[in-house]
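Undergrad: how would this look folded up:
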Amino acid sequence: MRAKGDPAEIAPEIRKLIAGIDPSQPVYDLKTLARALSDSIAPRRFHLFLLGTFAAAALLVALVGIYGVIAYSVAERTLEIGVRMALGAQRHAVVGMVVREGVSMALAGIATGLAGAWLLTREMASLLYNVRPNDPGTFAAVAAALGAAAILACWAPALKAARVDPLVALRYE
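TA: As a prediction, this is how the structure comes out:
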């Protein structure tokens, strides 16, 4: 059963109407305005979907990379962290040290990415609607989101570093 207003249901009525006005006019490719609009923006919608999917995948890879590098760094520095804790370093200081290390790497990556994105704005202009390609608000929001994600990626290795037992770390090597 077809829905009311379905183009296949309306087409005979429109053909009769146009034939009544001017029978010599051909009628083909009948569709609703909503369908014509949807068809006209389908390629742009598909490109934006692909762009969003690749951006999400890139963010995931970046987060896993940051987590992996920081976790490896914490594992390699177990002795150093143990010595620091044996000499009186507080757990929050160790967490801060590890997070600062990760965030400094992330900030370097974010700065490089923003510079690259700024250079590629002309290429992206055709995919954007009602947003300037070099919109500072968008750049700031993306940088803030990436920075927050980097802090979250650093948090688990930092907490692991803070739980290092100084005696175990000193016997480690």
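
Undergrad: just give the nearest non-adjacent residue to Cys154, would you?
TA: Of all residues not flanking Cys154 in the chain, Gly102 sits nearest, at 3.3 Å (C-beta to C-beta, 6 or more residues apart in numbering). Heads up, the C-betas are built off the backbone N, CA and C, glycines and all.

Undergrad: state the mean pLDDT of the longest helix along the chain.
TA: Longest helix of the chain, by residue count under DSSP state H: helix 33-76. Computed over helix 33-76, the mean pLDDT rounds to 88.

Undergrad: and it, how far from the chain's centre?
TA: On the basis of C-alpha atoms, centre = their mean, to the nearest Å, helix 33-76 is displaced by 5 Å from the centre of the chain it belongs to.

Undergrad: likewise for stretch 151-159?
TA: Worked out by C-alpha atoms, centre = their mean, stretch 151-159 lies 19 Å from the chain centre.

Undergrad: give me the contacts around it.
TA: Residues outside stretch 151-159 that contact it (C-beta atoms under 8 Å, 6 or more residues apart in numbering): 63-64, 66-67, 70-71, 73-74, 94-96, 98-99, 101-103, 106.

Undergrad: Asn130 sits in which helix or strand?
TA: In this structure, Asn130 sits in neither a helix nor a strand according to DSSP states H and E.

Undergrad: what about the strands in this structure?
TA: Under the criterion DSSP state E, the chain contains no strands.

Undergrad: circling back: pretty sure the residue nearest to Cys154 sits against Ala150.
TA: Yes: using C-beta atoms under 8 Å, Gly102 is in contact with Ala150, at 6.3 Å.

Undergrad: need the overlap of contacts for the two.
TA: In contact with both Gly102 and Ala150: Ile66, using C-beta under 8 Å, 6+ apart.

Undergrad: CA atoms only: put stretch 71-81 into PDB for me.
TA: C-alpha atoms of stretch 71-81 as PDB (Å, rounded to 0.1, in the frame of the first residue of the first chain):
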ATOM      1  CA  ALA A  71      51.800   3.600  28.700                       C
ATOM      2  CA  TYR A  72      55.100   2.500  27.200                       C
ATOM      3  CA  SER A  73      56.800   5.600  28.600                       C
ATOM      4  CA  VAL A  74      55.400   4.800  32.100                       C
ATOM      5  CA  ALA A  75      56.500   1.200  31.800                       C
ATOM      6  CA  GLU A  76      60.000   2.300  30.800                       C
ATOM      7  CA  ARG A  77      60.200   4.800  33.600                       C
ATOM      8  CA  THR A  78      59.000   2.500  36.400                       C
ATOM      9  CA  LEU A  79      62.300   2.700  38.200                       C
ATOM     10  CA  GLU A  80      62.400   6.600  37.900                       C
ATOM     11  CA  ILE A  81      58.800   6.800  39.100                       C
END
